[in-house]
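> Here is a sequence with its predicted model. Questions after.
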Amino acid sequence: MDQLQLIQSKIYEIRGQKVMLDRDLAEMYGVETRVLNQAVKRNLERFPEDFMFRLTDDEMQNWKSQIVMSNSVRMGIRRNPYAFTELGVAMLSSVLNSKAAIQINMGIMRAFVAVRQMIVPQNGRLAELDEEVKDLKRYVEEVFADQNDINEDTRMQLELINQTLAELQARRVQEEKPRNPIGFIKPDRG
């Protein structure tokens with residue numbers, strides 16, 4: 001397993017966000033978890049809720065079941081871990097300011113980008129799905145156009161097709177929105 005795959009295997013989905021846990025990050029940076037967390041606590045103003053959060057007891061149980069961990073104390077977990085979003089991981093490089101931290105951070109950022117690319121469908125594929133669903137809808141309407149008595153199953157299928165079309169169109173509109181440029185924007189001082 002190469003480094004990118006190793007990092008990707010340590011990215012979890014919690015609260016609908018892709019995150020990495022403090023213990024995994026500490027291991028990658030070559031420091032103890034408590035050292036990483038102390039550095040973060042000394043710089044808490046850099047880690048708002050959308051950068052980092054602590055797992056709840058329920059989230060902790062769910063995470064442990066995902067990785068088949070039975071004994072938290074034996075694994076060195078006494079407190080619920082902190083989860084760092086992609087933004088939080090990027091901020092860690094400024095808190096753990098060493099050459100090794102910067103190199104590892106670049107690898108982690110690449111892993112987050114790779115995971116995101118796997119999730120987001122290609123633009124062309126979304127258009128294809130949209131057209132296929134429209135074709136299916138036209139076909140079902142043509143077949144049952146002459147029949148006054150459409151059964152409940154067919155009505156439900158038509159409703160599901162319409163709902164899928166609406167969702168695909170909403171995703172297409174979302175993808176077509178212009179994105180804000182990345183980088184520093186000089187404030188307008190007028």
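Perfect, thanks for sending it.

> what bridges to residue 54?
residue 82 (DSSP bridges).

> any idea how the chain splits into domains?
The chain breaks down into these domains under automatic domain parsing: 3-119, 123-176.

> What average pLDDT does the longest one get?
Across domain 3-119, pLDDT averages out at 81.

> now do stretch 171-183
Across stretch 171-183, the average pLDDT comes to 64.

> Going along the chain, name the helices of this protein.
Remark: helices assigned in the chain by DSSP state H are 3-8, 22-29, 33-41, 57-67, 86-95, 99-119, 123-143, 152-176.

> closest to residue 48 out of these?
helix 86-95 (8.8 Å; C-beta to C-beta). From N, CA and C alone the C-beta is placed, and that goes for glycine too.

> Which stretch among the domains of the chain is buried most, on average?
Most buried of the domains of the chain, by mean neighbour count (mean count of other C-beta atoms under 10 Å): domain 3-119, with a mean of 15.

> which residues does the closest residue to residue 93 other than its chain neighbours contact?
Distances taken as C-beta to C-beta, 6 or more residues apart in numbering place residue 105 nearest to residue 93, at 4.0 Å, with adjacent residues excluded. Residues near residue 105 by C-beta atoms under 8 Å, 6 or more residues apart in numbering: 89-90, 92-93.

> Could you do residue 129 as well?
By C-beta under 8 Å, 6+ apart, the contact set of residue 129 is residue 168.

> from what I can see residue 29 touches residue 36, true?
Yes: using C-beta atoms under 8 Å, residue 29 is in contact with residue 36, at 6.6 Å.

> tell me, what's touching these two both at once?
With C-beta under 8 Å, 6+ apart, residue 29 and residue 36 have common neighbours 92, 96.

> What distance do you get for the residue nearest to residue 93 to residue 10?
Distance of residue 105 to residue 10, computed by C-beta to C-beta, to the nearest Å: 14 Å.

> Against residue 31, how distant is the residue lying closest to residue 89 once chain neighbours are set aside?
In space, and not counting its chain neighbours, residue 89 is closest to residue 108: 5.3 Å by C-beta to C-beta, 6+ apart. Counting by C-beta to C-beta, the gap from residue 108 to residue 31 is 14 Å.

> Just give the nearest non-adjacent residue to residue 112, would you?
Spatial nearest neighbour of residue 112, excluding adjacent residues (C-beta to C-beta, 6+ apart): residue 86 at 4.6 Å.

> what's near enough to touch that neighbour?
Residues near residue 86 by C-beta under 8 Å, 6+ apart: 18, 109, 112.

> Could you export those as JSON lines, including distance to residue 167?
Listed next are those as JSON lines, based on distance: C-beta to C-beta, whole Å:
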{"residue": "18", "distance to residue 167": "22"}
{"residue": "109", "distance to residue 167": "31"}
{"residue": "112", "distance to residue 167": "26"}
